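Chemist: coords please:
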Amino acid sequence: RNLTSSMAAPEFDLDGCLAKWQAVKPSETGDMAAAPFLEACESIIAIFDCLGSGLGMVKSDMLGNVTHIRNNLAAFPEGATLHVMVMKDVEAKVQQKDGTTALSLLWLKRALQFLERLLAHLVQNPGMEVAEAARAAYGETLTNHHNFAIRQVFKVAMGVAPTRQAFMAKLGPSEEATVPKLAAILPVFAEVLGKLQGHYVGIGMEKP
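Modeler: Predicted coordinates for the structure are as follows:
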């Protein structure tokens, strides 16, 4: 019997995800083409399938915002950037309207910041459980933008997160093999989010 072939394949493609984020390539001014950014987002959002059903609401919301932005992108020339799309909404004074790129990208960015901090806590703290990492990440990111009712929903959702061991097992053959790959994604991921944060601070939709 071939034991190698009977081993479960990883449920998340870490190498493919890194390649997608490396392809985003923010410019010196921090702008970036929308299409590769959306592909990178879809790639990393898939990791929620390994984080348990409790956080499925975050995944659904994020994919909804990706869809809004991609639909809006169809009205722009090929290679259009996120900044150009957002500024069109700002100039039309519709940046707080549901379905606009400005508002969709704002909430997508916030959820991506939550995910980046969650993964960073797991990488930087060997032995930290997923629920603990999620609570720490939530406290640093989304909690500031949520009302009491949504915070309570998140509290319950984070409480049913998988164990660290179960999560890591879905990403690769061992934690020793998986953590360095997660660690390679994080700086590229965080750089893009930092550029987006700077843009939103600049247009007054986020606090410095």
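Chemist: what element comes up after the lowest-mean-pLDDT helix or strand in the chain heading to the C-terminus?
Modeler: Ranking every helix and strand in the chain by mean pLDDT, DSSP states H and E puts helix 3-6 at the bottom, with a mean of 41. Following helix 3-6 in sequence order, the next helix or strand is helix 14-22 (DSSP states H and E).
Chemist: identify the residues contacting that following helix?
Modeler: Under the contact criterion CB atoms under 8 Å, 6 or more residues apart in numbering, helix 14-22 has outside partners 36, 39-40, 43-44, 46-47, 171-172, 178, 181-182, 184-185, 188-189, 192. For every residue, glycine as well, the C-beta is placed using N, CA and C.
Chemist: now do the longest helix along the chain, average pLDDT.
Modeler: The longest helix of the chain (DSSP state H) is helix 175-202. The average pLDDT for helix 175-202 rounds to 96.
Chemist: counting by contacts, list what it packs against.
Modeler: Identification of packing neighbours for helix 175-202 by 3 or more CB pairs under 8 Å, 6 or more residues apart in numbering; DSSP states H and E yields helix 14-22, helix 34-45, helix 82-91, helix 101-124, helix 164-171.
Chemist: the helix or strand following the fourth one: how far from the chain's middle?
Modeler: It refers to helix 101-124. The helix or strand immediately downstream of helix 101-124 is helix 130-140, counting by DSSP H and E. Centre-to-centre, helix 130-140 and its host chain are 14 Å apart (CA atoms, centre = their mean, to the nearest Å).
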